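Asks: compute the structure for the input listed below.
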Amino acid sequence: MKCKGTPNDPDGKRGTPGDPGRETGRVGKQSVTGRQQTEKKRVKTMNHFSDKVIYQIYLRSFKDSNGDGIGDIRGITQQLDYLQSLGVDYLWITPFFVSPQNDNGYDVADYRKIDPVFGSMEDLEELIREAKERGIELMLDMVFNHTSTSHEWFQKALAGDEKYQNYYIFKDGTPDKIPTNWESKFGGPAWEYVPSLKKWYLHLFDVSQADLNWENPQVREELKEVIRFWMKKGIGGFRFDVVNLISKPEQFEDDFEGDGRRFYTDGRHVHEFLKELTADTGLDNYVTVGEMSSTSLENCIRYSDPEEKELSMCFNFHHLKVDYKDGKKWELMEPDRMKLKELFETWGTGMQEAGGWNALFWCNHDQPRTVSRLGDEGRYWAKSAKMLAASIHLMRGTPYIYQGEEIGMTNPHFADIKQYRDVESLNYYRILLEQGKTSSEAMEILQARSRDNGRTPVQWTAEEHAGFTTGTPWIGVCGNYREINVAAQTGDADSIWNFYRRLIRLRKEKKVISEGTITFLERENEDVLAYRRNLGDEELIVFNNLTAHPAEVTLEDAWKNYHIILTNDEGKERTEETLKKLSGSRLTLQPYETLALER
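Replies: Residues are numbered from 1 along each chain as shown. Alright, predicted model coming up:
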């Protein structure tokens, strides 16, 4: 169902893709006994979240309670019964702190105050209480790599206060000599000159987002106090934005091989900084996730190994670059399914063997809608959405659902640049034109890549503005909201929404899903993502056809007698009886079919 919009990285997240050499990290193989010991360690120390599912709310687009066209905190409170019914355990909420909103709240001007556009502290306290009553915890989004240039600290720095200049990364210089040739994730140079100070400051993202100087212990203490403040409010978890970029090099130098990221990604002190933050605030008693930009497997193992005491789990984005032509975000190509499979296997087995833990996801507020990107918007819309959901929810790791994903929301396919709001998209539209692309070519790229693809309002009903607001939405609603909406699916037993509910229940009911090991199958079959999950005598076999055409897989004789615990075969042709009667070892999966078999 293609959505026609109407006017109104991290790297996948923000900007350019990672260095090819960083795409996969590899760790040495352990013996079977070693893997079993690793799993025993993991289950013993970390199973307080292995059966949990986290739901991401992009606040601005979730639900508007007051008619101003912008989603708010009370809008979440109004939908808590819906979220409880879905079955999720944590709500990761994107930043609602005071901000100029140049990067939709990821440019924080005050870490302790709520931006009035989203509500009040009383609203948040009510949300915390009401959520806890329903068994749901809140996870806040901490943007600790940078602040807004409107932040009090930066304003004091601009006024000449040396203490606060040391809170950021300033370099003396003249306007004609930039400190390094590093590029911003949003395009253009990563440095901005301040004439009054005769200094440059570093901004890896927007010019209004100045990077903090984590080498300064005073900065680290300030940020610990922020964490403590929100813990006292009753917050149950924390997500750390681009946290692997916080440690910058001792010497700043030009990068003649890339955009500069190899000098600051997974930097020299990042692990000790995270250990200090966790130890001094008690974060090891909370669920935490780090968003990792252009990271490596070795580093993510350290970030998420419980013995390291840094974070609970990690996001990495390598699997969301498989449709980047020549590794470039703003160049289109069909997804490389074999690369996708290889990345899932490398990260899935690598983290397992060394004690790390993955955050599993397809979508977030910085990514296009996965059903548009890797599935089908037409005939197989529902089936492909279900397959994509099952493919990660049955893996080893903690699954995340991005708002609207549970109903199969699609990209909006905006036709006019004026419909876009995202600073990155607007910057790259201009850059693409400067590179010689036509307007239509640039728009085609934005329709596939823009962060706004995931930021259109949640489609609650078939009513005006999809029931998101009684006012004018801050960004256009996807044109297919009359067909794709929450109200149409909650009462339909075969809906995408109810399929997600089933996946969430299975994770809680079956420890083989939440705690078991993973071994990948069909490794040479580019069309099928398949794996085996094991825990003691329990075994689960999962097949996912990634394509719009039939695909064959090998079915071992023993598996023919397994029980079907999950399928998206809406024709109900896939039954245990047909599996038992199958002659030979080849099974044909239908387009976008998911099949999960349990011993």
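Asks: output the below-cut-off pLDDT ranges for the protein.
Replies: 1-47, 570-572 (pLDDT under 70).
Asks: center of it, which residue is that?
Replies: By CA atoms, centre = their mean, the chain has its centre lying nearest to residue 364, at 4.4 Å.
Asks: that one and residue 520, how far apart?
Replies: Distance of residue 364 to residue 520, given as CB to CB, to the nearest Å: 24 Å. (Each C-beta comes from the backbone N, C-alpha and C, glycine too.)
Asks: just the strands from the stretch 151-300 of the chain, written as ranges.
Replies: 170-172, 191-194, 199-202, 209-211, 237-240, 287-291 (DSSP state E, counting those that start in this stretch).
Asks: for the third one, name the packing helices and strands.
Replies: This points to strand 199-202. strand 170-172, strand 191-194, strand 209-211 (3 or more CB pairs under 8 Å, 6 or more residues apart in numbering; DSSP states H and E).
Asks: got phi/psi on the closest residue to residue 174 other than its chain neighbours?
Replies: Spatial nearest neighbour of residue 174, chain neighbours left out: residue 198 (7.2 Å); criterion: CB to CB, 6 or more residues apart in numbering. Main-chain torsions, residue 198, degrees, to the nearest 10: phi 50, psi 40.
Asks: pull the number of nearby residues for residue 198.
Replies: For residue 198, the count of nearby residues is 12 (other CB atoms under 10 Å).
Asks: wait, what's in contact with it?
Replies: 172-174 (CB atoms under 8 Å, 6 or more residues apart in numbering).
Asks: that one and residue 216, how far apart?
Replies: Counting by CB to CB, the gap from residue 198 to residue 216 is 21 Å.
Asks: what of residue 579?
Replies: From residue 579 to residue 216 the distance is 62 Å (CB to CB).
Asks: these two: which has the busier surroundings?
Replies: residue 579 (18 against 15).
Asks: now for the lengthiest helix in the chain, which elements pack on it?
Replies: Longest among the helix segments of the chain by residue count, using DSSP state H, is helix 337-354. Other elements packing on helix 337-354 under the criterion 3+ CB pairs under 8 Å, 6+ apart are helix 32-46, helix 297-304, strand 517-521, strand 528-535.
Asks: quick one, the second one and strand 287-291 angle?
Replies: Helix 297-304 runs at 150 degrees relative to strand 287-291, counting by axes from the mean of the first three to the mean of the last three CA atoms, to 10 degrees.
Asks: next secondary structure element downstream of helix 297-304?
Replies: strand 313-315 (DSSP states H and E).
Asks: residue 126 touches residue 77, doesn't it?
Replies: Yes - counting by CB atoms under 8 Å, residue 77 is a contact partner of residue 126 at 6.1 Å.
Asks: these two: which is more packed in?
Replies: The neighbour comparison of residue 126 against residue 77 (other CB under 10 Å) goes to residue 77, with 20 against 15.
Asks: what sits against the more buried one?
Replies: Residue 77 neighbours (CB under 8 Å, 6+ apart): 65, 123, 126-127, 130.
Asks: any chance of these in a markdown table, plus secondary structure and distance to residue 296?
Replies: Below are the contacts of residue 77 laid out as a markdown table (DSSP: H, G, I helix; E, B strand; the rest coil; distance: CB to CB, whole Å):
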| residue | secondary structure | distance to residue 296 |
| --- | --- | --- |
| 65 | coil | 42 |
| 123 | helix | 40 |
| 126 | helix | 42 |
| 127 | helix | 37 |
| 130 | helix | 41 |
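Asks: of the residues you listed, buried ones?
Replies: By neighbour count, with 16 or more other CB atoms under 10 Å, those hold 65, 123, 127, 130 as buried.
Asks: now do the same contact list for the nearest residue to the second one once chain neighbours are set aside.
Replies: Which is residue 123. Closest residue to residue 123 apart from its sequence neighbours, by CB to CB, 6+ apart: residue 73 at 4.3 Å. Listed by CB under 8 Å, 6+ apart, the contact set of residue 73 reads 59, 96, 114, 118-120, 123-124, 127.
Asks: restricted to buried residues, select the residues you listed in PyMOL.
Replies: PyMOL command restricting those to the buried ones, with burial defined by 16+ other CB under 10 Å:
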select buried, resi 59+96+114+118+119+123+124+127
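Asks: filter the contacts of residue 73 down to the ones in strands?
Replies: Members of the contacts of residue 73 lying in strands (criterion: DSSP state E): residue 114.
Asks: now, among the contacts of residue 73, which is nearest to residue 525?
Replies: Closest approach to residue 525 among the contacts of residue 73 (CB to CB): residue 59, at 40.7 Å.
Asks: so the closest one is in contact with residue 93, correct?
Replies: Yes - with contact defined as CB under 8 Å, residue 59 reaches residue 93; the gap is 5.7 Å.
Asks: tell me the domain ranges of this protein?
Replies: Under the assignment automatic domain parsing, the domains of the chain span 10-147+217-504, 152-210, 516-598.
Asks: okay, those domains, which one's buried deepest?
Replies: domain 10-147+217-504 (a mean of 20; mean count of other CB atoms under 10 Å).
Asks: any idea how far it is from the middle of the chain?
Replies: Here the centre of domain 10-147+217-504 is set off from its chain's centre by 2 Å, with CA atoms, centre = their mean, to the nearest Å.
Asks: ok, residue 270 to residue 287 distance?
Replies: Distance, residue 270 to residue 287, using CB to CB: 20 Å.
Asks: dump the strands of the stretch 151-300 of the chain to a markdown table, plus distance to residue 599.
Replies: What follows is these, written out as a markdown table (distance: least, CB to CB, whole Å):
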| stretch | distance to residue 599 |
| --- | --- |
| strand 170-172 | 61 |
| strand 191-194 | 58 |
| strand 199-202 | 55 |
| strand 209-211 | 51 |
| strand 237-240 | 34 |
| strand 287-291 | 31 |
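Asks: quick one: closest of those strands to residue 542.
Replies: If we rank these by CB to CB, the stretch that ends up nearest is strand 287-291, at 23.8 Å.
Asks: note down every partner strand of that closest one and its orientation.
Replies: Strand pairing for strand 287-291, determined by DSSP bridges: strand 237-240 (parallel), strand 313-315 (parallel).
Asks: want to throw those strands into TSV with distance to residue 513?
Replies: Below are the strands paired with strand 287-291 laid out as TSV (distance: least, CB to CB, whole Å):
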stretch	distance to residue 513
strand 237-240	21
strand 313-315	16
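Asks: which residue, other than its chain neighbours, is closest to residue 340?
Replies: Nearest to residue 340 is residue 322, by CB to CB, 6+ apart, at 4.7 Å.
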